[in-house]
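A.B. asks: Sequence plus the predicted model coming up.
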Amino acid sequence: MSEKKNILVTGGAGFIGSHTCIELLQAGYGVVVVDDLSNSSEKAVDRVRSIVADAAKEGKAPADAAESIVFYKENVLDRAALERIFDAHDIYGVIHFAGYKAVGESVEKPLEYYHNNLVNTLVLCDVMRERGCKNIVFSSSATVYGEPDSVPLSESAPKKPATNPYGWTKWMIEQILTDLSVADPAWNIVLLRYFNPIGAHESGLIGEDPKGIPNNLVPYVAQVAIGKLPAVRVFGNDYDTPDGTGVRDYIHVVDLARGHVAALNWMADKHGVEVVNLGTGKGSSVLDVVAAFSRACGRELPVDIQPRRAGDVAENYADPRKAEEVLGWKAEYDLDRMCADSWRWQSMNPNGYAE
Ligand SMILES: NC(=O)c1ccc[n+]([C@@H]2O[C@H](COP(=O)([O-])OP(=O)(O)OC[C@H]3O[C@@H](n4cnc5c(N)ncnc54)[C@H](O)[C@@H]3O)[C@@H](O)[C@H]2O)c1
Ligand SMILES: O=c1ccn([C@@H]2O[C@H](COP(=O)(O)OP(=O)(O)O[C@H]3O[C@H](CO)[C@@H](O)[C@H](O)[C@H]3O)[C@@H](O)[C@H]2O)c(=O)[nH]1
């Protein structure tokens with residue numbers, strides 16, 4: 001893999017990370033995954049290898065793609081481990097997914113969230129600086145926009161105070177990386193603000209594998225569809241939206257993954273810091289999602305209307321034009337495709353990566 005550009009993917013065994021590894025390998029990059037498996041399984045990396053091996057046989061990936069990914073079970077907080085990895089590989093750039101991501105849990109465990117998400121980013125950037133690697137793509141979130149004044153949300157919309165420690169970590173890391181680029185313009189930084197990633201790889205081999213009862217809508221709906229949960233809890237049907245339920249910009253995880261490849265490609269001839277939304281620009285309600293998933297799994301899924309969930313906004317969707325203008329990237333897949341792929345993953349792996 002020496003002549004390839006190698007990308008260090010922190011959190012590469014996770015939901016978005018594993019899908020991004022596939023797109024990177026197919027695009028001809030070498031991939032070095034660092035993940036402590038605190039919220040994932042090494043099986044995801046094994047399956048990435050087999051997916052790209054199949055793609056290579058079909059001429060859709062370089063012949064050596066499956067051999068171009070290496071995995072390290074390490075914590076990004078462990079500076080010595082990162083230094084060993086930088087010693088072993090010539091790293092062109094980093095995609096930094098590693099972090100804790102559960103909004104509710106972050107309220108219960110603020111120290112753990114601030115420590116893991118902030119300190120791991122500081123350690124990572126310090127090692128990158130030491131090794132002269134100054135290309136980084138960071139997983140931020142539309143959560144930094146808070147309660148929107150208006151939709152769609154463009155990158156120029158103001159950042160609002162976060163409502164939970166998880167959101168603050170995204171807010172603060174964006175600021176830290178922006179300060180870094182002011183101090184040293186040699187850094188190339190893309191802050192990707194994801195809207196709501198769902199779906200799974202079309203093979204059905206990798207997908208989202210939440211521990212316990214899912215917090216997020218689509219994993220919850222998927223468990224209703226497979227019969228593990230009785231009905232979809234709908235958090236509020238009295239919002240000021242077309243059907244009264246919350247509206248979000250759901251984006252297929254494969255589209256999202258391709259956005260990261262586009263961000264890395266951008267760095268080849270540009271410098272500085274860019275903030276870019278990754279969304280489709282289309283809002284869908286909770287009931288739209290339930291209807292699409294019902295079509296995907298072939299039965300009407302039951303719903304149970306409940307009170308609003310604290311902290312939720314009524315409506316949130318992206319203005320995705322900057323991603324197209326700056327990165328040349330645009331989402332392709334619609335909600336039906338997202339739900340069909342989520343359902344394939346869920347039905348082929350009822351217990352996720354567990355046996
Ligand atoms: N999924 C979403 O809805 C969403 C939305 C916006 C932003 N994001 C961000 O995108 C990133 C990836 O999200 P995801 O949905 O794939 O989550 P995920 O939990 O599936 O992936 C994160 C991965 O990081 C690993 N990890 C955590 N801390 C680590 C550490 N200190 N060292 C090494 N590995 C560590 C976990 O084991 C996991 O594999 C996260 O930063 C998340 O906050 C996700
Ligand atoms: O069981 C459920 C779960 C969710 N919802 C609703 O479904 C919508 C989507 O909720 P969810 O899937 O939890 O996503 P968000 O609350 O929009 O948050 C996601 O998207 C944000 C970016 O927009 C990220 O910052 C967060 O980490 C990520 O969880 C909202 O209207 C919820 O009220 C339900 O009705 N029932």
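C.D. replies: Sure, I can see it. All of these numbers come straight from a predicted model, not from anything done at the bench. Numbering: from 1, shown residues only. Ligands and ions are numbered 1, 2, ... in the order given.

A.B. asks: Look up how far Tyr353 lies from the closest residue to Thr10 other than its chain neighbours.
C.D. replies: Excluding the flanking residues, the one nearest Thr10 by C-beta to C-beta, 6 or more residues apart in numbering is Ala98, at 3.8 Å. C-beta coordinates here come from the backbone N, C-alpha and C atoms, glycine included. From Ala98 over to Tyr353 the distance is 18 Å, taken as C-beta to C-beta, to the nearest Å.

A.B. asks: go on, Val276?
C.D. replies: The gap separating Val276 from Tyr353 is 30 Å, by C-beta to C-beta.

A.B. asks: Compare these two and say which is more crowded by neighbours.
C.D. replies: Val276 (24 against 16; other C-beta atoms under 10 Å).

A.B. asks: got the contact list for the more buried one?
C.D. replies: Glu155, Val190, Leu191, Leu192, Arg193, Gly259, Ala263, Lys322, Ala323, Val326, Leu327 (C-beta atoms under 8 Å, 6 or more residues apart in numbering).

A.B. asks: mind checking how far the fourth one is from Leu229?
C.D. replies: Yep, that's Leu192 we're talking about. 31 Å.

A.B. asks: got the contacts of Val276 as TSV, with distance to Lys60 columns?
C.D. replies: As requested, the contacts of Val276 are exported to TSV (distance: C-beta to C-beta, whole Å):
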residue	distance to Lys60
Glu155	32
Val190	25
Leu191	30
Leu192	24
Arg193	29
Gly259	19
Ala263	21
Lys322	29
Ala323	24
Val326	27
Leu327	22
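
A.B. asks: ok, those vs Lys134, which is closest?
C.D. replies: Each of those was checked against Lys134 using C-beta to C-beta; the closest is Val190, at 12.3 Å.

A.B. asks: so Ser18 touches Ile206, yeah?
C.D. replies: Yes - with contact defined as C-beta atoms under 8 Å, Ser18 reaches Ile206; the gap is 4.9 Å.

A.B. asks: For the residue of the chain found nearest ligand 1, which non-adjacent residue is closest in space?
C.D. replies: Across the chain, the shortest distance to ligand 1 (C-beta to the nearest ligand atom) belongs to Gly14, at 2.1 Å. For Gly14, ignoring the flanking residues on the chain, the nearest one in space by C-beta to C-beta, 6+ apart is Ser40 at 4.7 Å.

A.B. asks: Please give me every residue in contact with that neighbour.
C.D. replies: Gly11, Ala13, Gly14, Phe15, Gly17, Ser18, Asp209, Tyr353.

A.B. asks: before we move on, what SS does the residue nearest to Thr10 have?
C.D. replies: coil (DSSP: H, G, I helix; E, B strand; the rest coil).

A.B. asks: which of Leu192 and Leu229 has more neighbours?
C.D. replies: Each of Leu192 and Leu229 has its neighbours counted (other C-beta under 10 Å); Leu192 has more, 23 against 17.

A.B. asks: Leu25 and Asp149: what is the separation?
C.D. replies: Leu25 is 41 Å from Asp149, by C-beta to C-beta.

A.B. asks: Among those two, which residue is more densely surrounded?
C.D. replies: Neighbour count, other C-beta under 10 Å: between Leu25 and Asp149, Leu25 has more, with 29 against 10.

A.B. asks: Which secondary structure state does the more buried one sit in?
C.D. replies: On the basis of three-state DSSP, Leu25 is classed as helix.

A.B. asks: My understanding was that it contacts Glu67; is that so?
C.D. replies: No - assessed by C-beta under 8 Å, Leu25 is found out of contact with Glu67, at 9.7 Å.

A.B. asks: Let me know the distance separating Leu278 from Gly244.
C.D. replies: Taking C-beta to C-beta, one finds Leu278 at 27 Å from Gly244.

A.B. asks: For those two, indicate the residue with more neighbours.
C.D. replies: Remark: of Leu278 and Gly244, Leu278 carries more neighbours, 28 against 16, as counted by other C-beta under 10 Å.

A.B. asks: any idea what sits nearest the more buried one, other than its immediate chain neighbours?
C.D. replies: Gly259 (4.5 Å).

A.B. asks: Mind telling me what element that neighbour is part of?
C.D. replies: helix 253-267 (DSSP states H and E).

A.B. asks: neighbours around the residue of the stretch 101-250 of the chain at minimum distance from ligand 2, how many?
C.D. replies: Closest residue of the stretch 101-250 of the chain to ligand 2, C-beta to the nearest ligand atom: Gly246 (2.2 Å). Using other C-beta under 10 Å, Gly246 has 25 neighbouring residues.

A.B. asks: ok, now which ones touch it?
C.D. replies: Phe235, Gly236, Tyr239, Ser285, Val286, Asp312, Val313, Ala314, Glu315.

A.B. asks: Select only the buried ones of the residues you listed in ChimeraX?
C.D. replies: This is how ChimeraX selects the buried members of the contacts of Gly246, with burial counted by 16 or more other C-beta atoms under 10 Å:
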select :235,236,239,285,286,313,314,315
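
A.B. asks: closest to Val218 among the contacts of Gly246?
C.D. replies: Val286 (10.2 Å).

A.B. asks: No further queries at this time; thank you.
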